[in-house]
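Engineer: Just to be clear, the model below is a prediction. Sequence and coordinates:
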Protein chains: 2
Amino acid sequence: MISVALMGHGVVGSGVAEILTTHKQKLFSSLGEEIYLKRILDLREFPESPLADRFTKDFEDIISDREVRVVIETMGGLNPAYDFTKRCLKEGKSVVTSNKELVARHGAELLAIAKENNANYLFEASVGGGIPILRPINQCLVANEVSEIAGILNGTTNFILTKMINESMPFDEALKLAQDLGYAERNPEADVEGHDACRKICILASLAYGKHIYPDNVHTEGITKIALEDVEYAANWGGVIKLIGKCRRLPDGMMDMVVAPMFVPCTSQLANINDVFNGIMVRGDCTGDVVFYGKGAGMLPTASAVVADVVDCCKHLKARKRLFWVDTQGEECIADYNESKTKMYIRLFADDTTAAYNKAQDILGGITCLERTNAPQCELAFVTNEELTYGTITKAIEKLESLGFKKASAIRIGDL
Amino acid sequence: MISVALMGHGVVGSGVAEILTTHKQKLFSSLGEEIYLKRILDLREFPESPLADRFTKDFEDIISDREVRVVIETMGGLNPAYDFTKRCLKEGKSVVTSNKELVARHGAELLAIAKENNANYLFEASVGGGIPILRPINQCLVANEVSEIAGILNGTTNFILTKMINESMPFDEALKLAQDLGYAERNPEADVEGHDACRKICILASLAYGKHIYPDNVHTEGITKIALEDVEYAANWGGVIKLIGKCRRLPDGMMDMVVAPMFVPCTSQLANINDVFNGIMVRGDCTGDVVFYGKGAGMLPTASAVVADVVDCCKHLKARKRLFWVDTQGEECIADYNESKTKMYIRLFADDTTAAYNKAQDILGGITCLERTNAPQCELAFVTNEELTYGTITKAIEKLESLGFKKASAIRIGDL
């Protein structure tokens, strides 16, 4: 019997407690030992819980219990999760988490502390909810150089975009629906501004490249400026707009990273991922493209990923899993996003669209116009024929605006 | 340094040798030790190989070498792979293979021998080529009861069907193209009759349910009878025809299994998997549907999965991976496929299609007609409104034929 403790009995934490109870036999067959949930830390009271006698409000009850070998952190947020995690690892207890914010911010440090103390720090559930992704990258694709990872990593924004695409629902209305359905928070900023997707692509990039990538250093755009007009133009171009988190290793070893809405061609496996589902494409030099699809959030999917990590920690109580990346604080490892190359979709307003077309053609070196039914006379939409650096495109748009052509939208064309 | 040996320097085997050489550094970082390919068994000579000095024609050179801890079997076929694998495992050497025929036929026995001798027998590459699938099911989804697995498991047939669907190329022509491109063997039976897909769904089912499922016991239909007319009707129904291998656990613990072409609705994640790509859907009680997509065959994708297993064996030289299923010889564990329920698409020829429609409606208890442009007067195509047992449907078709309505096709409607 292996004793474990749970910190945080919220949505994911209560799911973990449920799975440890309902799937006891399955877990026993896999591990060959029983997993005993000895302690649950939460400031709230759960008198109705069948595990009511295991609750505590005092972290000391967990940290000082030598029988507790694995601690599950499903508190979320940076504090006190960061401090508690450090203390557990320093005691040689392995820690499993779904806390993407903490891993994206302090992963390198926590992995180093785990290593020093011969413990494991696992966080499969922090990316893609119930979709197996970190372990496959770390183990199954170990004989590959991963050149690129691109994914739909946030279910809330994918739900909103799906409503905009399939039902022509405007952004504000789709956001409200997502909030009513419980998919989006009342303050939806972390989702719609791309911060959540950014944390996840940073964790994926850190794992694949062995260096900690800090979210603050990654250029991130959300979906709040996407209009139904853009959705229509994307359809006529032959694709859909998706919020993509992407990282690519450049020949000089630097990382080309961005989180932004992109036009995704219908032929891409990422184009058909709808509603709250996530999909992650991993490009290996041997495997080619491999795509993982499933529910990126939710109580039981996320909790089941946490429990799989708990089983793995229990199997490796005396051994360390080789999941590691080094810190990079103060080190330049992300390429300047202004130097990153992309094709671009641009929508403009112009009194004279022919003049705007000619000028855009001139400045951007070749463009292809897009059409939509009932477009106003003053609207011009096109994609650039060639990949240009983001800096060049920004300057070109500034130039066009200085000539009186007003930008309505600019969205990357995803090379996916 | 850990010494390994390779048996079979064909397509996959030479890919393994290549990856062990080209990815030496990546593998070293992951494992913390060097993997040394000490011996290569092949009856042919490879004087130009940079590893020419490692070749041997004598299995004894491998089995008697105590330094060799892991043996890679990429010979294919049952003999002598079966015998060699048994002897290696009995010596306590771990074995890694891509040989789906051997695993599907003798997996339970070989896993038992591995267990007895504290060795590992791993075969990630036997299903889905470079797609991580066995390890995710066994490890990442360990906190799930897997209720169903369904997949496009054979790239050759998927290529042929894609040509039929997207280019209206007849079966024979698409098969010839697949042969010319090297995707299909000159004797294509194992692919087009569904035997290859059957072996793979048997391995997946065995792993997920812990019991060996023998391919001979699984009802298997190929794609040789699919006509372009059926492809057209499927499109008008709102889907595509795919060769699906499927297993589902019934409430009584029996397995409902089939390999057959099916109508797959366009909304399914399996509908958009084209060309030689594979896709596998795993339905867990906690995760919901998870889908894995990628190249299901090819030298480097398959070899990279083999090498990932080699790394895993090297990490667990003294420990056993918990990958296991028990033998079931003589035990009934697959439900009678005549009792398996499905909706069905049926295409008939009849002099009087109205009479045929009325009779089919009568016998099958509700049908919905499908249409296609330029259908001959004598053609009637429909899908049943309700799920019926396969036995009921077979008898209904016999009855219709006895009335002079000739069956042209009957294809399952996939519940995917």
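Structural biologist: Right, received. Where do you want to start?
Engineer: where does the most centrally placed residue in chain A sit relative to residue A:250, distance-wise?
Structural biologist: Central residue of chain A (CA atoms, centre = their mean): residue A:200, 3.0 Å from the mean position. Per CB to CB, to the nearest Å, residue A:200 is found 21 Å from residue A:250. The C-beta positions use only the backbone N, C-alpha and C, and glycine is treated the same way.
Engineer: if we can go back for a sec, contact partners for the residue nearest to the centre of chain A?
Structural biologist: Counting by CB atoms under 8 Å, 6 or more residues apart in numbering or on different chains, residue A:200 touches A:100, A:104, A:126-128, A:151, A:153-154, A:245.
Engineer: what about the helices in the stretch 101-250 of chain A?
Structural biologist: A:134-135, A:155-167, A:171-180, A:189-192, A:195-209, A:228-237 (DSSP state H, counting those that start in this stretch).
Engineer: from these, which stretch is densest packed?
Structural biologist: Mean neighbours per residue, mean count of other CB atoms under 10 Å in any protein chain shown, is largest over these for helix A:195-209, with a mean of 26.
Engineer: tell me the angle that one makes with helix A:155-167.
Structural biologist: Relative orientation of helix A:195-209 versus helix A:155-167 (axes from the mean of the first three to the mean of the last three CA atoms, to 10 degrees): 110 degrees.
Engineer: What's the separation between residue A:246 and residue B:6?
Structural biologist: Residue A:246 sits 37 Å away from residue B:6 when distances are taken as CB to CB.
Engineer: Ok, residue A:367 next?
Structural biologist: Counting by CB to CB, the separation of residue A:367 from residue B:6 is 53 Å.
Engineer: Show me which of the two is the more surrounded one.
Structural biologist: residue B:6 (30 against 22; other CB atoms under 10 Å in any protein chain shown).
Engineer: pLDDT at that one, what is it?
Structural biologist: On pLDDT, residue B:6 comes in at 98.
Engineer: Could you do the one 5 residues further on as well?
Structural biologist: In the prediction, the pLDDT value recorded for residue B:11 is 94.
Engineer: So what's the residue count around it?
Structural biologist: Neighbours of residue B:11 (other CB under 10 Å): 17.
Engineer: Chain A versus that one, what's the distance?
Structural biologist: 13 Å (CB to the nearest CB, to the nearest Å).
Engineer: any idea how far that residue is from residue A:140?
Structural biologist: Taking CB to CB, one finds residue B:11 at 20 Å from residue A:140.
Engineer: got it, and residue A:299?
Structural biologist: 27 Å.
Engineer: Neighbour count: the two, which is higher?
Structural biologist: Neighbours were counted for residue A:299 and for residue A:140 using other CB under 10 Å; residue A:140 has more, 30 against 18.
Engineer: isn't the more buried one right up against residue B:132?
Structural biologist: Yes: taking contacts as CB atoms under 8 Å, residue A:140 lies within contact range of residue B:132: 3.3 Å.
Engineer: which residues are in contact with both of the two?
Structural biologist: With CB under 8 Å, 6+ apart, residue A:140 and residue B:132 have common neighbours B:124, B:305, B:308.
Engineer: filter these down to the ones near chain A?
Structural biologist: Filtering these for proximity to chain A by CB under 8 Å from any CB of the partner chain leaves B:124, B:305, B:308.
Engineer: which SS class is the second one?
Structural biologist: I take that to be residue B:305. For residue B:305, the assignment made with DSSP: H, G, I helix; E, B strand; the rest coil gives helix.
Engineer: what sits against it?
Structural biologist: Residue B:305 neighbours (CB under 8 Å, 6+ apart): A:140, A:143, A:287, B:98, B:124-125, B:128-132.
Engineer: Dump those into CSV; add pLDDT as well.
Structural biologist: Below are the contacts of residue B:305 laid out as CSV (pLDDT from 0 to 100):
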residue, pLDDT
A:140, 92
A:143, 95
A:287, 96
B:98, 96
B:124, 96
B:125, 97
B:128, 95
B:129, 93
B:130, 93
B:131, 96
B:132, 95
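Engineer: ok, how many other residues are close to the closest residue to residue A:39 other than its chain neighbours?
Structural biologist: Excluding its sequence neighbours, the residue lying closest to residue A:39 (CB to CB, 6 or more residues apart in numbering or on different chains) is residue A:5, at 4.0 Å. Neighbours of residue A:5 under the rule other CB under 10 Å: 26.
Engineer: for the one 3 residues further on, same thing?
Structural biologist: Residue A:8: 24 surrounding residues under other CB under 10 Å.
Engineer: looking at it, it is touching residue A:44, isn't it?
Structural biologist: No: at 10.1 Å, residue A:8 does not count as touching residue A:44 under the criterion of CB under 8 Å.
Engineer: Make sure residue A:102 is actually in contact with residue A:78.
Structural biologist: Yes: counting by CB under 8 Å, residue A:102 touches residue A:78, with 6.0 Å between them.
Engineer: model confidence over the host helix or strand of residue A:95, on average?
Structural biologist: When elements are assigned from DSSP states H and E, residue A:95 belongs to strand A:94-97. Average pLDDT, strand A:94-97: 98.
Engineer: which of the residues in stretch A:47-58 are buried?
Structural biologist: Buried residues in stretch A:47-58, counted by 16 or more other CB atoms under 10 Å in any protein chain shown: A:51, A:54-56.
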